[in-house]
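Enquirer: need a structure here:
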Amino acid sequence: MSTKTAVYFLTGLLIILSALTFFFLNDTGSHLLDKNKIARVTRIEISSSLDSFPLTLEKVSGTWKIVLDDAHRYPANNARKSNFLAALVQKAAISRVRGDDGSRYGTKGEASYHFRISGDDGSLYLDIATGRMGALEQYGYFYDYRKNALYRAEADFFSFRDTHTAFWADHDPFEEKLRGKEIELIRYSKADAITDIARGTGESESVKNDLIDAFDRRLRTLRCVDITNIPANAIERLLIEMNDASFINLAVAFAGNDHCIVRDNDTGESWIITGSSYTDLIRGF
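Expert: Presented below is the predicted three-dimensional model:
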């Protein structure tokens with residue numbers, strides 16, 4: 001092959017490769033969600049074919065909640081939600097893969113996760129299904145239902161493919177419930193036995209005050225492992241009166257060998273805690 005022929009051949013090959021690259025991988029931008037829309041996001045849904053219902057987060061009166069069912073709303077983990085939205089708006093390499101509906105890349109398989117994000121105007125900001133990851137998980141594939149197109153992305157949002165409530169829930173719910181308040185009285189009841197501990201003044205009341213303060217610290221830092229709507233028969237009850245005249249009315253029930261359910265009877269919210277957390281909580285009664 002002559003030098004001139006070789007040059008023509010290489011030039012033609014480069015043109016063909018460039019055309020194929022444009023056909024199969026066409027750059028579409030650097031993020032999945034416009035950062036100007038974050039403040040307007042009011043609903044996030046994540047589902048998989050293995051789930052009966054999608055995991056749903058809703059913004060209610062400025063606060064993010066997990067929608068567990070028609071009656072129950074639970075505080076969401078704000079850091080987790082914020083990090084997820086931040087991953088969608090961060091700059092990343094996103095390229096279109098042409099000539100495939102996503103089936104070959106797992107966007108319609110059991111391992112796929114479907115993300116839908118809506119705004120306060122009712123618009124659908126995001127509607128994608130994730131597929132398989134690269135061998136080293138440095139990138140992944142997703143199908144965009146709004147554009148009917150398959151993409152490859154080097155983005156962090158793939159790490160949020162989880163529909164477990166434990167992943168998205170606030171595991172420290174009582175910290176917020178007690179914020180800016182002080183416990184004045186605790187009524188603990190088990191079977192027919194009732195114990196009242198009321199805050200008082202004077203040196204003779206210091207023991208009771210110490211018990212209340214210790215319980216206050218344990219309740220504020222009580223860490224849950226999950227949320228639940230499973231009904232349970234209460235074995236113990238805690239009626240807690242605050243210094244602003246508000247109440248927290250808790251019922252405690254066993255759930256298995258090493259877990260308990262703590263239910264707020266006024267809101268219907270129920271949290272699962274470990275057996276050791278339960279033992280620590282009721283210490284002193």
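
Enquirer: tell me the phi and psi of the residue most central in space within the chain?
Expert: Per Cα atoms, centre = their mean, the C-alpha nearest to the average position across the chain is that of W168, at 1.8 Å. With angles defined as degrees, to the nearest 10, W168 sits at phi -110, psi -10.

Enquirer: same deal with D192?
Expert: phi -100, psi 0.

Enquirer: I'd like to know how many residues surround it.
Expert: Using other Cβ atoms under 10 Å, D192 has 5 other residues around it. Where you see a C-beta, it was placed from the backbone N, CA and C, and this is true even at glycine.

Enquirer: where in the protein is pLDDT low?
Expert: Residue ranges of the chain with pLDDT under 70: 1-30.

Enquirer: so F174 sits right up against R218, yeah?
Expert: No - between F174 and R218 there is no contact under Cβ atoms under 8 Å: 9.4 Å.

Enquirer: circling back: for the residue nearest to the centre of the chain, give its distance to V60.
Expert: 15 Å (Cβ to Cβ, to the nearest Å).

Enquirer: Show me where the stretch 151-285 of the chain has its helices.
Expert: If DSSP state H, counting those that start in this stretch is used as the criterion, the helices of the stretch 151-285 of the chain fall at 165-168, 173-177, 206-220, 275-281.

Enquirer: Take those and write them to TSV, including distance to D51.
Expert: Formatted as TSV, those follow (distance: least, Cβ to Cβ, whole Å):
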stretch	distance to D51
helix 165-168	11
helix 173-177	24
helix 206-220	33
helix 275-281	28
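
Enquirer: ok, back up a step: who has more neighbours, F174 and R218?
Expert: Higher neighbour count among F174 and R218: F174, with 22 against 16, using other Cβ under 10 Å.

Enquirer: Who are the contact partners of the more buried one?
Expert: L219, R220, L222, I248 (Cβ atoms under 8 Å, 6 or more residues apart in numbering).

Enquirer: Closest to T274 out of those?
Expert: L222 (10.3 Å; Cβ to Cβ).

Enquirer: measure the closest residue to the closest one other than its chain neighbours to D144 for me?
Expert: Leaving aside its sequence neighbours, L222 sits nearest to F174 (Cβ to Cβ, 6 or more residues apart in numbering; 5.4 Å). When distance is defined by Cβ to Cβ, F174 is 41 Å away from D144.

Enquirer: neighbours of the residue lying closest to L68 once chain neighbours are set aside, just the number please.
Expert: Leaving aside its chain neighbours, L68 sits nearest to N229 (5.3 Å; criterion: Cβ to Cβ, 6+ apart). N229: 14 surrounding residues under other Cβ under 10 Å.

Enquirer: Could you verify my assumption that N229 touches V67?
Expert: No - the criterion here is Cβ under 8 Å, and N229 misses it with V67 at 11.0 Å.

Enquirer: contacting residues around stretch 271-285?
Expert: By Cβ under 8 Å, 6+ apart, stretch 271-285 touches 173, 188, 190, 195, 211, 214-215, 218-219, 222-228, 236, 252, 255, 257-263.

Enquirer: What about those, which are in strands?
Expert: Y188, K190, T195, D226, I227, E236, V252, H259, C260, I261, V262, R263 (DSSP state E).

Enquirer: Take those residues and write them to JSON lines, including distance to L32 and neighbour count.
Expert: Converted to JSON lines, the ones in strands among the contacts of stretch 271-285 look like this (distance: Cβ to Cβ, whole Å; neighbours: other Cβ atoms under 10 Å):
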{"residue": "Y188", "distance to L32": "50", "neighbour count": "20"}
{"residue": "K190", "distance to L32": "52", "neighbour count": "15"}
{"residue": "T195", "distance to L32": "55", "neighbour count": "11"}
{"residue": "D226", "distance to L32": "29", "neighbour count": "17"}
{"residue": "I227", "distance to L32": "28", "neighbour count": "22"}
{"residue": "E236", "distance to L32": "47", "neighbour count": "20"}
{"residue": "V252", "distance to L32": "43", "neighbour count": "20"}
{"residue": "H259", "distance to L32": "37", "neighbour count": "16"}
{"residue": "C260", "distance to L32": "40", "neighbour count": "22"}
{"residue": "I261", "distance to L32": "38", "neighbour count": "24"}
{"residue": "V262", "distance to L32": "38", "neighbour count": "27"}
{"residue": "R263", "distance to L32": "38", "neighbour count": "22"}
